[in-house]
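*Asks:* Below: sequence and its predicted model.
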Amino acid sequence: MTTTAAPATAPFRFFDLHVVRTRRLGPSMVRITFGGARLPELLTGGRDQRVKLFFPREHQSVPVFDDQGDGWYAAWRVQDPAERSIMRTYTVRAQRQVPAPELDVDFALHGAEEGTSGPAGRWAANAVPGDRISILGPVVEDNGGVDFRPPQGTDWILLSGDETALPAIANILAWLTPGTKAKVWIEVGHAADRQELPTFADADITWLVREESDADRTIGVSPARAESRAWGRMLSAVRAAELPEGTPYAWIAGESGTVKALRRHLVKERGFDRRAVKFTGYWRRGASEEQLLAELTAAAQK
């Protein structure tokens, strides 16, 4: 299995992009293909490569910035919230240089058609060719926006996530070397949201479809309350699974409460080394990314 260490630096730059085309992948996801004059300069590391996307407000045609230099984040924070661009984190699904430079991003719609999604989901659901956004992306392949990095000595891989993590899981499976053992759980809303996931790995993939079960989507309960509540479908599936022998490396992402509960299960009940569990809350029920960023900033200042 290929292993990589995290780089010391993470060089990122801003790029202006426009929508080339859109394609619906299922009831809950749309793939948007972007083009841009400087897009060949953007170099992704594959796997779970994350980037920042910046969307215009509803009354704007392009995202508005006061600064796109090294001080962009401080400048973005103090901009008028009604005017500054909407920032969200996404995974690069694919990048091509021929026949033309293009970048694919898969968007989970989160109820966009029912009017219950956030601004990024609404934008994606209504995007048409020519619509413009900006991206903060890497200019070197080995960059700090890639988290999936199994260490030497890893015998098998555990992957878990909901539809927001599906693009990253798909990329990781495509990246794994032939014969790598992988146990994979993916939660989606509808049977039609399932996708073909090409891989050379020896992958056992389980799809958990919400419309086919009455089980809770997520729990996010504290350890003290865990035994008094029903486990969510993801946690129940992993708890019931027979896992391979050997040294594991786990990558889990999706809703924050589910991710934390699953990590706790793997470390405390399954005996995983906590350093071998990469976990990321891609979203949290009832909280926007702006709120989560504000919480992280406040914690860092303390």
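*Replies:* That came in fine, so what should we check first?
*Asks:* Number of residues surrounding the closest residue to Val267 other than its chain neighbours?
*Replies:* Nearest in space to Val267, with sequence neighbours left out and distances taken as Cβ to Cβ, 6 or more residues apart in numbering, is Arg274 at 5.0 Å. Every C-beta, even on glycine, is put in place using the N, C-alpha and C of the backbone. Around Arg274 there are 12 other residues, counting by other Cβ atoms under 10 Å.
*Asks:* Need the pLDDT of Arg274.
*Replies:* Arg274 carries a pLDDT value of 97.
*Asks:* switch to numbering from 33
*Replies:* In the new count, where the first residue is 33, that last one comes out as Arg306.
*Asks:* which residues of the stretch 33-182 of the chain fall in helices?
*Replies:* In the stretch 33-182 of the chain, the helices defined using DSSP state H, counting those that start in this stretch lie at 104-110, 151-158.
*Asks:* and the longest strand anywhere in the chain with helix 151-158, angle?
*Replies:* Across the chain, the strand with the greatest residue count (assigned by DSSP state E) is strand 44-58. If you take axes from the mean of the first three to the mean of the last three Cα atoms, to 10 degrees, strand 44-58 sits at 60 degrees to helix 151-158.
*Asks:* Taking the centroid of this structure, which residue is nearest it?
*Replies:* With distances taken as Cα atoms, centre = their mean, Ala197 lies nearest the centre of the chain, 4.4 Å away.
*Asks:* so who does His222 touch?
*Replies:* By Cβ atoms under 8 Å, 6 or more residues apart in numbering, the contact set of His222 is 58-60, 241-243.
*Asks:* can you rerun that using 7 Å?
*Replies:* Contact analysis of His222 by Cβ atoms under 7 Å, 6 or more residues apart in numbering lists 58-60, 241, 243.
*Asks:* give me the number of residues near the residue nearest to Phe139 when sequence neighbours are not counted?
*Replies:* Leaving out its chain neighbours, the residue that sits closest to Phe139 by Cβ to Cβ, 6+ apart is Ala156, at 3.7 Å. Using other Cβ under 10 Å, Ala156 has 28 neighbouring residues.
*Asks:* do Val172 as well
*Replies:* Around Val172 there are 14 residues (other Cβ under 10 Å).
*Asks:* And the pLDDT for it?
*Replies:* pLDDT, read off for Val172, is 95.
*Asks:* Ser260 too?
*Replies:* 29.
*Asks:* swap in Pro39?
*Replies:* For Pro39, the model assigns a pLDDT of 70.
*Asks:* ditto for Glu244
*Replies:* Taking Glu244 on its own, its pLDDT is 85.
*Asks:* and the gap between it and Ser60?
*Replies:* 14 Å (Cβ to Cβ, to the nearest Å).
*Asks:* got it, and Gly193?
*Replies:* Distance of Gly193 to Ser60, computed by Cβ to Cβ: 14 Å.
*Asks:* next one: Tyr281
*Replies:* Counting by Cβ to Cβ - Tyr281 and Ser60 are separated by 28 Å.
*Asks:* same question, Pro133
*Replies:* 28 Å.
*Asks:* quick one: contacts for the residue nearest to the centre of the chain?
*Replies:* 285-286, 314.
*Asks:* same thing but at 8 Å, please
*Replies:* Applying Cβ under 8 Å, 6+ apart, we find Ala197 in contact with 123, 218, 285-286, 314.
*Asks:* I am finished for the moment; much appreciated.
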